[in-house]
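A.B. asks: A predicted structure for the sequence below; I have some questions about it.
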Amino acid sequence: MTLLRLNAVSRRYPIGAQVFGQKNFLTAVDAVSLEVRKGQTTGVVGESGCGKSTTGRIALGLEQADGGQVLFEGIPLPQADTKDWRAKRQRMQLVFQDTLAALDRRMTVGDLIAEPLIIHRIGKARDHAQRVLELLEAVGLSRHHQALYPHQLSGGQRQRVVLARALAPNPSLLVCDEPVSALDVSVQAQIVNLLMDLQREHGLGILFISHDLRIVRHVSDRIVVMYLGRVVEEGRADAVIDRPAHPYTRALVSALPRLPGGFEHYVPLPGEPPSPADRPQGCPFHPRCALAKDICRNSEPPLLPTEPERQVACHLVTD
Ligand SMILES: Nc1ncnc2c1ncn2[C@@H]1O[C@H](COP(=O)(O)OP(=O)(O)OP(=O)(O)O)[C@@H](O)[C@H]1O
């Protein structure tokens with residue numbers, strides 16, 4: 001069952017001063033479509049600035065799309081800041097990397113976890129203490145952590161508190177935006193495994209946003225590869241990892257620690273992605289693509305199906 005569907009959502013931001021009365025815009029997200037199924041994870045991967053966070057915020061209604069549609073549980077997401085939206089937002093929670101910013105440092109862990117129960121008026125006040133204990137246990141913390149403040153916890157423990165708060169309203173969807181990027185590698189694995197355990201227990205759908213394909217590959221059922229605001233490849237995680245089709249995906253996959261069955265050639269990824277304010281003509285990836293031909297410099301390839309449940313935006317693959 002589809003829990004979240006984005007249909008061709010776009011977001012532009014005005015930039016710089018007006019020139020001859022004309023505003024300039026950069027397109028952060030350009031006609032992005034994706035879906036998250038119940039109990040499954042869709043990973044969104046791409047380099048910094050490709051529009052991952054903006055896509056996640058659009059999914060939650062925190063950012064208004066200029067075009068396209070967000071469907072949550074089959075229904076268009078209500079206008080942000082309305083009563084209907086707040087009711088939906090209980091069921092879709094955001095987890096992001098900066099735990100110190102996410103947690104009020106003047107509150108104890110117990111109060112931080114009770115807060116969403118109070119805000120969303122979940123359960124009876126007298127049951128909140130018990131629910132806080134359950135949530136602590138669910139995320140691998142104990143009752144002894146209740147009295148501590150965020151700065152007394154490790155980064156991994158703080159991310160567990162953030163997860164407990166996100167779980168408090170019983171969401172069906174988590175949008176995780178670089179949830180482990182700020183953590184040590186050993187702790188990353190613990191938090192990612194916790195997330196996957198929680199997903200299994202609660203049937204959560206997860207939109208997992210990360211620049212790190214190594215982690216995205218580990219958690220995802222489907223992978224969406226973004227480049228300069230657009231989806232360049234999308235499909236089942238195993239298919240995308242085992243048989244990356246877009247030259248950009250091939251470069252990302254080839255940089256992974258060697259896979260069983262091996263990807264033979266390292267595909268270099270020269271330079272940085274261009275700024276979305278200065279989009280190259282044609283395929284946005286062509287200036288970095290060793291295989292680029294004339295058509296790539298002149299026309300932008302559409303995202304087209306190449307096999308069931310697989311889409312790629314590359315002239316060299318789909319022509
Ligand atoms: N409020 C804003 N105003 C203007 N430009 C913005 C705004 N938010 C994002 N952008 C621009 O939109 C583009 C996409 O940003 P976004 O944060 O979605 O990318 P990202 O892939 O999540 O990158 P990162 O991992 O660095 O956060 C970037 O060029 C960014 O500078």
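C.D. replies: Structure's in. What do you need?

A.B. asks: pull stretch 141-151 out as PDB, backbone CA atoms only.
C.D. replies: The C-alpha coordinates for stretch 141-151 follow below in PDB (Å, rounded to 0.1, in the frame of the first residue of the first chain):
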ATOM      1  CA  LEU A 141      17.200   3.800  26.600                       C
ATOM      2  CA  SER A 142      16.300   3.200  30.200                       C
ATOM      3  CA  ARG A 143      14.300   5.000  32.900                       C
ATOM      4  CA  HIS A 144      17.600   6.300  34.300                       C
ATOM      5  CA  HIS A 145      18.000   8.600  31.300                       C
ATOM      6  CA  GLN A 146      14.700  10.400  32.100                       C
ATOM      7  CA  ALA A 147      16.300  12.900  34.400                       C
ATOM      8  CA  LEU A 148      19.200  13.800  32.200                       C
ATOM      9  CA  TYR A 149      19.500  16.800  29.900                       C
ATOM     10  CA  PRO A 150      20.400  16.600  26.200                       C
ATOM     11  CA  HIS A 151      24.000  17.800  26.800                       C
END
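
A.B. asks: tell me the mean pLDDT for that stretch?
C.D. replies: For stretch 141-151, the mean pLDDT works out to 95.

A.B. asks: neighbouring contacts of that stretch?
C.D. replies: 99-100, 103-110, 112, 132-133, 136, 153, 157-158, 160-161, 164 (CB atoms under 8 Å, 6 or more residues apart in numbering). From N, CA and C alone the C-beta is placed, and that goes for glycine too.

A.B. asks: can you say which of the residues you listed are buried?
C.D. replies: 99, 103, 108-110, 112, 132-133, 136, 153, 157-158, 160-161, 164 (16 or more other CB atoms under 10 Å).

A.B. asks: out of these, which are inside helices?
C.D. replies: Taking DSSP state H, the ones among the buried ones among the contacts of stretch 141-151 that sit in helices are 99, 109-110, 112, 132-133, 136, 157-158, 160-161, 164.

A.B. asks: what are the boundaries of the strands in the stretch 1-150 of the chain?
C.D. replies: Ranges of strands in the stretch 1-150 of the chain, per DSSP state E, counting those that start in this stretch, are 2-19, 22-37, 41-45, 67-72, 75-76, 92-96.

A.B. asks: now do the second one: which elements does it pack against?
C.D. replies: The helices and strands touching strand 22-37, judged by 3 or more CB pairs under 8 Å, 6 or more residues apart in numbering; DSSP states H and E, are strand 2-19, strand 41-45, helix 52-60, strand 67-72, strand 205-210, strand 222-227, strand 230-236.

A.B. asks: if you average pLDDT over each of these, which is lowest?
C.D. replies: strand 2-19 (a mean of 89).

A.B. asks: which parts of that one are buried?
C.D. replies: 3-7, 9-12.

A.B. asks: between its first and last residues, how far does stretch 308-319 reach?
C.D. replies: Stretch 308-319 has an end-to-end distance of 17 Å (criterion: CA to CA, to the nearest Å).

A.B. asks: enumerate the residues of the stretch 151-300 of the chain near the ligand.
C.D. replies: 211, 276 (CB under 6 Å from any ligand atom).

A.B. asks: what's the weakest-modelled helix or strand in the chain?
C.D. replies: helix 99-102 (a mean of 81; mean pLDDT, DSSP states H and E).

A.B. asks: so what touches that one?
C.D. replies: 96, 150-151, 155, 158-159, 161-162, 182.

A.B. asks: which two from these end up farthest apart in space?
C.D. replies: Across the contacts of helix 99-102, the longest distance by CB to CB is 18.4 Å; it joins F96 and H151.

A.B. asks: so between those two, which is more surrounded?
C.D. replies: Per other CB atoms under 10 Å, whichever of F96 and H151 has more neighbours is F96, with 20 against 9.
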